[in-house]
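[1] Give me a 3D structure for the following:
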Amino acid sequence: MNSKARLLAVFPALLFIAAPALAHNGPHTAGGIVAGIVHPFTGIDHLVVMILVGVWAVRLGGRAVWAIPAAFLAAMTAGFCLASAGFALPHYDAMIAASVLVLGLLVAFASRPAGWVSLPMIAGFALFHGYAHGAERAGSGAGIAYIAGFIAATALLHLAGSWGSIVLRRRYGDSADRAAGTVATVIGLGLLAALS
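    Below is the predicted model of the structure:
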């Protein structure tokens, strides 16, 4: 088996970690910067989307390389603030699952929509991700340190996705991105099915 085939064979293993999706419980529930940093790593839904944002931004190229992650971070922060202020955003779990599916499809099919489509779409998804972060923290007294932690962790995951896409495409072409997008699509379908 050549190295390209081995790489592509590894991606389906990610499907087995989809079970804990949308379950964000554990020691990170205490406040502070460490809790904020850890939180995005505790749910496959958030983790996959945050990495795919970086992958997709690199695939779009140009200004999208920074504009897509920046829009995600800004809208995610706004969503967190909405939840912290007590606003209700219905069906946020379904929208988060849909974001995994849609971003997976965009990456799998190497889609390149115009900026007037991609920026509002990514911001809309990020709003729901941020809202989920805030809703999970409701009543915990999460402060600026927590917010700074999860923003920093999200930015690092975006960078990891971008860097990983650049490195893997140099070696394997589009196959690695497409495989990652395909796996994310299947995970997104599984998350939506679990909510029904």
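
[2] Quick one: neighbours of Pro120, just the number.
    Around Pro120 there are 12 other residues, counting by other C-beta atoms under 10 Å. All C-beta atoms are positioned from the backbone trio N, CA, C, and that covers glycine.

[3] in what helix or strand does the most centrally placed residue in the chain lie?
    Here the mean C-alpha position of the chain is nearest to the C-alpha of Val49 (C-alpha atoms, centre = their mean), at a distance of 1.9 Å. Element membership for Val49, per DSSP states H and E: helix 44-60.

[4] Kindly report the same for Val102.
    Per DSSP H and E: Val102 is located in helix 92-108.

[5] From the contact counts, what lies against that helix?
    The contact analysis (3 or more C-beta pairs under 8 Å, 6 or more residues apart in numbering; DSSP states H and E) places helix 92-108 against helix 44-60, helix 115-136, helix 175-195.

[6] buried sites along the longest one?
    The one in question is helix 115-136. Neighbour-count burial for helix 115-136 flags 118-119, 121-123, 125-136 (criterion: 16 or more other C-beta atoms under 10 Å).

[7] Adding mean pLDDT and distance to Ala148, write the helices and strands packed on helix 92-108 out as JSON lines.
    JSON lines is the format used below for the helices and strands packed on helix 92-108 (pLDDT from 0 to 100; distance: least, C-beta to C-beta, whole Å):
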{"stretch": "helix 44-60", "mean pLDDT": "95", "distance to Ala148": "16"}
{"stretch": "helix 115-136", "mean pLDDT": "93", "distance to Ala148": "13"}
{"stretch": "helix 175-195", "mean pLDDT": "95", "distance to Ala148": "27"}
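
[8] between those helices, which one is nearest to Val100?
    helix 175-195 (3.6 Å; C-beta to C-beta).

[9] Quick check: longest helix in the protein by residues?
    Among the segments of the chain that qualify as a helix by DSSP state H, the longest is helix 144-172.

[10] about what we covered before: could you check how far the closest residue to the residue nearest to the centre of the chain other than its chain neighbours is from Met50?
    Nearest residue to Val49 in three dimensions, chain neighbours excluded: Ser99, at 5.2 Å (C-beta to C-beta, 6 or more residues apart in numbering). Distance of Ser99 to Met50, computed by C-beta to C-beta, to the nearest Å: 10 Å.

[11] Which neighbours do the two have in common?
    Common contacts of Ser99 and Met50 (C-beta atoms under 8 Å, 6 or more residues apart in numbering): His129.

[12] coming back round to it: doesn't His129 make contact with the residue nearest to the centre of the chain?
    Yes: applying C-beta atoms under 8 Å as the test, Val49 and His129 come out as touching, 6.5 Å apart.

[13] who touches both of these two?
    Residues touching both Val49 and His129 by C-beta under 8 Å, 6+ apart: 96, 99.

[14] Can you name the residues that contact the residue nearest to the centre of the chain?
    So, once contact is read as C-beta under 8 Å, 6+ apart, Val49 ends up touching 96, 99-100, 103, 125, 129.
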